[in-house]
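J.: sharing a sequence plus its predicted fold:
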Amino acid sequence: MANMYPPTIEDAHASGGEKQLFDLLQRSLSDEFFCYHSKPLLTSSRSGLREGEIDFVILHPVLGLLALEVKGGGLSRDGKGRWSHVRADGSREELRKDPFAQARDNLHALVDLLRSRVRPVLPEWSGELRLPHGHALILPDVTMDGELVPSGMAREILLDATALGDLEAGIRAAMGAWAGSRALPLPAREFKRFRKHVFHPALRLVPTMAGRVLQEGAVLRRLTDEQTRLLDATELVVSARVEGPAGTGKTVLAVEKARRLAATGERVCLICYNRPLAMAIRASFGDDADDGLHVSTYHGLCRWAAQLLGQPFDVPPDAEAQQEFWRSQAPEFLLDAADQGRLGFDAVVVDEAQDLLTEWWITVESLIAPGSPLWVFYDPAQDIYDRAGSMPSGLVPLMLTINCRATQCLRELCDRITGRTTTSPAGAPDGAPHEEVHYTDAADLRGKLDARVGALTEQGLHPAQMVILSPHRQQNSSLAGVEQLAGCPIVLTQDQDRNGILFSTAQRFKGLEADVVLLIDQDLSDPACTQVHRYVAASRARHLLVVFARGQWLAG
C-alpha cells in the first residue's frame, strides 16, 4: 500500500476523478511509493505571485518524481488548437490552457522550487535535483482506442482507463520513461532527507534554536559594541594591559585599538599566539587592512624575521628539539631583525597575551621604540599552556568584568568553573543552561553526538554555527575516522563559507567563539581536562554548550 499524504482525501474541492484515483493509488502501489495529493505551488514572476497546484506528485527512491495531472471526463481539441473538457452529459467547457502544457509547466515550477531548497539540506547534490523527474496525464474515464497522441506527449506518459487495471505498472512505465538510464537507487538516507526536508518540510511555528540564536545574537552584538567605549575613555593612555575573563570583549577591543592606531598613520602590528585566531582577526579587518596594519602569530612574525635576514627557518623533526626551537631559537630571529632595523613598528597590540613566555616579551618590545604604544589583552585564567609570566612594566592596568559575548546561563557556568565573579550587562539574554550528555565509550558518544547534531539541524541551525571541541586531535579522539554527523560533513579548517561542522582542539580554538559548542571526550581523569581546559572550552560558546562526559563534568 502506498504512503499517502495526507492519509485521507478531505479536500471538498477535489474532483470525483481525483478522489477515485486517490483510492486507487493507495491500494495499487507498493509501500516504495510516496504519493502527495494536491501539491500547491506558489511561483513569482514580473506580474507578481501566481498560485498553482499539481493533482498528485509521486516519489520513488529509484524512479524519481512524477507530477501527475488528472482530467476526469473527456478531452477534445478543435482544428484551431482550442481544448475543451467534455462532461459525461456531452456538454463542453473550454479550457484556458492545453492540459499537456499545464502538466509540463507545473513540473518545471516544482523543480525550480525544489532546486532552491536542495543546497542547504543536501549539499552533496551541488544545488541540482539528483533524481529523475517528469510529468504524466491520466484520463480515468476514457480509453484512447487508437487515437493519435498529441505532439509534445508520449503514449507512456498518457494513461487512460485501461491503465487502472494495473495502475502500478502504468505509473512505473511513465516514471521509467523519464528516468531512463538515470533510474539508480538513491541512498535511503538521502531519499528520506529529500522527502522530509526538501519536498515536504514540516511546518513548526515553535521557538527553535536558530530563532533563539538570532534573537540573542542581536542583543549580544549591541552589547559588544558598547565595550569599545572603554577605548574612548582611555584615549590618552599610551600603553596598557587589559585583563578580562572570556567573553568580556578583549579581542574586539584589541582589533579596534589596532584599527584606531593605524587610522592615525601608525604602522601597527597585532600579535596573537593561535593561527586560527590570527586568521579570524585578519579577516575582520577586511578592506581596512593595508600596509600599515600587520596581523600575525608570534611565531609567524619570527618566520618573517628570518626571511628578512635571509636565513633559513628550519624546524627540526625531533619533537623535543622542536620545543626548544619554538621556545628559544625562533625568537632570536625576531630579536636580530629588530636590532638590525629590518623589522619595526610604531605600535604593537597583543591579544591572548597569557600565551607568551616571559622571555618572549623582550622580542616584542624590540619591535617598537621606547615610549611607543603597547596594548596587551589577557586572561590569566586561560593560561592553558602554563606560560604566563611577567609582562613589560609601565603598562596602565585596566580591568574588564562584564561578559558581553555569552548568555547569562553560560556566563554563570564559567564563573562556577573558575570561581571568579563576572556580571552580565542589563538586557543580556538568559539563554539555555548547558547540557551534559553522559557516555560509556567512543561508540556510545558517536551515536549520541550524531543524534544531537541531527536535532540541532532540525531546529534550523546551519552546520557552520556549530563547533566540536575535544582535548585531542581528531585522530586521537572519539571521532577518529568519522567524516560526517547526521549528514553534515566534519571539517578541520575555519573557512568563512564552510558547509560543515568544524572539529578543533579547545587549545587551537582559544580566542574564537561559536553559537553552539559540542564539547566531547570529557573525562576528569584526563590531564587535558583540567579546570583551565574546561573553562577555555566552555567559554567559546555564545548560546549553547553541550558537554559529552564520562562522569560529572563540573566535579573537582
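T.: Everything's here; your move. Since this is a predicted model, take the numbers as computed values, not measurements.

J.: count the residues that sit near residue 232.
T.: Counted with other CB atoms under 10 Å, the neighbours of residue 232 add up to 8. Bear in mind the C-beta positions are built from the backbone N, C-alpha and C, glycine included.

J.: that one and residue 253, how far apart?
T.: Distance, residue 232 to residue 253, using CB to CB, to the nearest Å: 11 Å.

J.: could you do residue 263 as well?
T.: Residue 263 is 15 Å from residue 253, by CB to CB.

J.: and what of residue 149?
T.: Applying CB to CB to residue 149 and residue 253 gives a distance of 74 Å.

J.: of these two, who's got more company?
T.: Per other CB under 10 Å, whichever of residue 149 and residue 253 has more neighbours is residue 253, with 24 against 13.

J.: residues contacting stretch 428-448, please?
T.: Here stretch 428-448 makes contact (CB atoms under 8 Å, 6 or more residues apart in numbering) with 212, 215-216, 219-220, 223, 403-404, 406-411, 413, 449, 452, 478-480, 482, 520-521, 538, 541, 543-553.

J.: whoops, stretch 356-375 was the one
T.: 238-242, 254, 257, 261, 266, 269, 271, 273, 298, 327-328, 331, 334-335, 338-339, 343-350, 387, 389-392, 395.

J.: for residue 94, grab phi and psi.
T.: phi -70, psi 130 (degrees, to the nearest 10).

J.: element containing the residue nearest to it when sequence neighbours are not counted, please.
T.: Of all residues not flanking residue 94 in the chain, residue 84 sits nearest, at 5.1 Å (CB to CB, 6 or more residues apart in numbering). Here residue 84, judged by DSSP states H and E, is contained in strand 83-86.

J.: average pLDDT for that strand?
T.: Throughout strand 83-86, pLDDT has a mean value of 74.

J.: now it: buried residues?
T.: 83, 85-86 (16 or more other CB atoms under 10 Å).

J.: which neighbours does that strand have in its sheet, and in what orientation?
T.: Using DSSP bridges, the strands paired with strand 83-86 are strand 74-77 (antiparallel), strand 92-94 (antiparallel).

J.: contacts for the first one?
T.: In this case it means strand 74-77. Applying CB under 8 Å, 6+ apart, the set of residues contacting strand 74-77 is 83-87, 92, 99, 139, 141-142, 150.

J.: give the helix, strand or coil label for residue 518.
T.: strand (DSSP: H, G, I helix; E, B strand; the rest coil).

J.: quick check, it in contact with residue 541.
T.: No: using CB atoms under 8 Å, residue 518 is not in contact with residue 541, being 9.3 Å away.

J.: the more surrounded of these two?
T.: Legend: neighbour count by other CB under 10 Å for residue 518 and residue 541, higher for residue 541 (30 against 25).

J.: that one and residue 382, how far apart?
T.: The value you get for residue 541 to residue 382, if CB to CB is used, is 15 Å.

J.: now do residue 115
T.: Residue 115 is 46 Å from residue 382, by CB to CB.

J.: more neighbours: these two, which one.
T.: A direct count of neighbours by other CB under 10 Å for residue 115 and residue 382 places residue 382 higher, at 22 against 14.

J.: now do the same contact list for the more buried one.
T.: Here residue 382 is in contact with 246, 352, 354, 510, 532, 535-536, 539 (CB under 8 Å, 6+ apart).

J.: lowest-pLDDT helix or strand in this protein?
T.: helix 209-227 (a mean of 62; mean pLDDT, DSSP states H and E).

J.: and the helix ranked longest in the chain, what does it pack onto?
T.: Across the chain, the longest stretch assigned as helix under DSSP state H is helix 99-121. Judged by 3 or more CB pairs under 8 Å, 6 or more residues apart in numbering; DSSP states H and E, helix 99-121 is in contact with strand 34-45, strand 48-60, strand 64-70, strand 133-138.

J.: need the buried ones from the contacts of stretch 356-375 selected in ChimeraX.
T.: This is how ChimeraX selects the buried members of these, with burial counted by 16+ other CB under 10 Å:
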select :239,240,241,242,254,257,261,266,269,271,273,298,331,334,335,338,343,344,345,346,347,348,349,350,391,395
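
J.: surely residue 132 touches residue 181?
T.: No: distance between residue 132 and residue 181: 9.5 Å, which falls outside the contact criterion (CB under 8 Å).

J.: which of the two has more neighbours?
T.: Between residue 132 and residue 181, counted using other CB under 10 Å, residue 132 has the larger neighbour count: 21 against 6.

J.: ok, that one - contacts?
T.: 63-65, 175, 178-180, 182-183.

J.: and what of residue 136?
T.: Residue 136 neighbours (CB under 8 Å, 6+ apart): 66-69, 103, 157-159, 171, 174.

J.: how does it look with 6 Å?
T.: Contact partners of residue 136, counting by CB atoms under 6 Å, 6 or more residues apart in numbering, are 66, 68, 157, 174.

J.: what about residue 473, neighbour count?
T.: 14.

J.: so, low pLDDT: which residues of the stretch 51-200 of the chain?
T.: 77-81, 88-90, 145-148, 151-152, 183 (pLDDT under 70).

J.: 90 instead?
T.: Along the stretch 51-200 of the chain, segments meeting pLDDT under 90 span 51-55, 69-132, 137-165, 177-200.

J.: so what's the residue nearest to residue 528 when sequence neighbours are not counted up against?
T.: Nearest non-adjacent residue to residue 528, counting by CB to CB, 6+ apart: residue 471, 3.4 Å away. Shown in contact with residue 471 (CB under 6 Å, 6+ apart): 521, 528-529.

J.: out of these, who has the most neighbours?
T.: Neighbour max across the contacts of residue 471 (other CB under 10 Å) = residue 521, 23 neighbours.

J.: before we move on, back to that, closest to residue 50 among the contacts of residue 382?
T.: Taking CB to CB as the measure, residue 539 is the one of the contacts of residue 382 closest to residue 50, at 51.2 Å.

J.: domains in this protein, by residue range?
T.: 3-199, 234-400, 409-550 (automatic domain parsing).

J.: where among the ones you listed is average confidence lowest?
T.: domain 3-199 - the lowest mean pLDDT of the domains of the chain, at a mean of 81.

J.: that one: how far from the chain's middle?
T.: 34 Å (CA atoms, centre = their mean, to the nearest Å).
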